[in-house]
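**Q** predicted model, plus sequence, below.
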Amino acid sequence: MHPTLKTLAVALVAGTFAAGAVAQDKAAPKKAATAAGKIVVNGVTIPQSRIDMMNKELTASGQPDTPERQRAVKEELINREVLVQAAQKRGLDKQAEVAAQMEMARQAVLVRALFENEVKANPITDADLQKQYEEFKKSMGENEYKIRHILVDKEDEAKAIIADLGKGADFAKIAKDKSKDPGSKDNGGDLDWGPTARYVKPFADAVTALKKGQLTTAPVKTDFGYHVIRLDDVRPLKVPGFDELKEQFRQRAQQQQIQKLVMDLRGKAKVEER
């Protein structure tokens, strides 16, 4: 579907919630009938489960459950049923592209249900999260460092920079002129405050070996090139408390749980290209 038409279709269907509850008596389809609590549109009954699901989604999004909302939900589902019937009458559901989109939507719903089921069946306890938090806290170290660096491609160039700095050259100016790190060169090589866990190991080891105000006496090699590092300051690291980070750890743990499920299922699947 053309993006503009797709947006229009969504807006038209969803528009019931903007005006349906107010103007329902005038806008309700004439062929929709309500009997014994059921909504029937051109002979097709809208199942209660569909009404319940839409109400559940609205409640989850923070919308209060009111009589007006209940009427709007019914109007919305009536509109959808009328539109679906019109699309089917024109044979649109038989078109290959539409059928493929419908199948992809069905798969997406099933995949989401599987993920939710997996998380529910294997709940992550607060004890698990506490353990992860303690490991994280330990990995962050006790201090954070304010450092500058100059990154170049060749070791000899880094050695020459160290020699120039030893003679009193301006670190910030050299960083701006020669560093190939786009994120820090314009700030004089300043990487701001951060724990050593932020950096690759050779870089982190070099930082922790320095004292405040010191400069590396030899280039530090990493996969990015050769670094000249200066430690401007150091202070104790304040890690946010467990309660502040718990839900972030839970989300990460659930993502890892889902990734493991996917990899396990892929590992057992027989995949062929014919």
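**A** Structure's in. What do you need? Numbering: from 1, shown residues only.
**Q** show me where pLDDT drops low in the stretch 1-150 of the chain?
**A** 1-36 (pLDDT under 70).
**Q** so which residues of it form helices?
**A** Listed in chain order, the helices of the stretch 1-150 of the chain (DSSP state H, counting those that start in this stretch) span 3-14, 16-27, 48-60, 67-89, 96-121, 126-140.
**Q** which of the residues in stretch 156-172 are buried?
**A** For stretch 156-172, burial by neighbour count (16 or more other C-beta atoms under 10 Å) applies to E157, A158, K159, I161, I162, L165, F171. Heads up, the C-betas are built off the backbone N, CA and C, glycines and all.
**Q** same deal with stretch 201-211?
**A** For stretch 201-211, by 16+ other C-beta under 10 Å, it's F203, A204, A206, V207, L210.
**Q** can you pull the contacts of the second one?
**A** Meaning A204. T196, A197, R198 (C-beta atoms under 8 Å, 6 or more residues apart in numbering).
**Q** can we see that at 10 Å?
**A** Residues in contact with A204, defined by C-beta atoms under 10 Å, 6 or more residues apart in numbering, are G141, Y145, P195, T196, A197, R198, V220, T222.
**Q** following the helix or strand that contains it in sequence, what is the next regular element?
**A** A204 is located in helix 201-209, with elements delineated by DSSP states H and E. Under the assignment DSSP H and E, the closest C-terminal helix or strand after helix 201-209 is strand 220-222.
**Q** which secondary structure elements does that following strand contact?
**A** Using 3 or more C-beta pairs under 10 Å, 6 or more residues apart in numbering; DSSP states H and E, the elements in contact with strand 220-222 are strand 143-152, helix 155-166, helix 201-209, strand 225-236.
**Q** which residues does that strand contact?
**A** Contacts of strand 220-222 (C-beta under 10 Å, 6+ apart): 149, 151, 155, 158, 199-207, 209, 226-229.
**Q** still on that earlier bit, from the buried residues of stretch 201-211, which is closest to E273?
**A** F203 (43.5 Å; C-beta to C-beta).
**Q** show the pLDDT at that closest one.
**A** Here the pLDDT value assigned to F203 is 97.
**Q** go on, the one 5 residues further on?
**A** Model confidence at T208, given as pLDDT, is 95.
**Q** so what's the closest residue to it other than its chain neighbours up against?
**A** Computed as C-beta to C-beta, 6 or more residues apart in numbering, the closest residue to T208 that is not its neighbour in sequence is T196, at 5.9 Å. By C-beta under 10 Å, 6+ apart, the residues touching T196 are 139-141, 143-145, 147, 203-208, 237.
**Q** and A253, by the same measure?
**A** By C-beta under 10 Å, 6+ apart, the contact set of A253 is V119, I124, T125, D128, L129, Q132.
**Q** select only the buried ones of those residues in PyMOL?
**A** A single PyMOL command selects the buried members of these (16+ other C-beta under 10 Å):
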select buried, resi 119+124+129+132
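**Q** ok, back up a step: ok, so of the buried residues of stretch 156-172, who is nearest K270?
**A** K270 has its nearest neighbour among the buried residues of stretch 156-172 in A158, at 52.8 Å by C-beta to C-beta.
**Q** please name the nearest non-neighbouring residue to that closest one.
**A** Nearest to A158 is P219, by C-beta to C-beta, 6+ apart, at 3.5 Å.
**Q** distance of the one you found relative to F171?
**A** Counting by C-beta to C-beta, to the nearest Å, the gap from P219 to F171 is 15 Å.
**Q** now the buried residues of stretch 156-172 as a markdown table including distance to G188 and pLDDT?
**A** Output for these, formatted as a markdown table (distance: C-beta to C-beta, whole Å; pLDDT from 0 to 100):
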| residue | distance to G188 | pLDDT |
| --- | --- | --- |
| E157 | 18 | 97 |
| A158 | 17 | 97 |
| K159 | 20 | 97 |
| I161 | 13 | 97 |
| I162 | 16 | 97 |
| L165 | 13 | 96 |
| F171 | 7 | 97 |
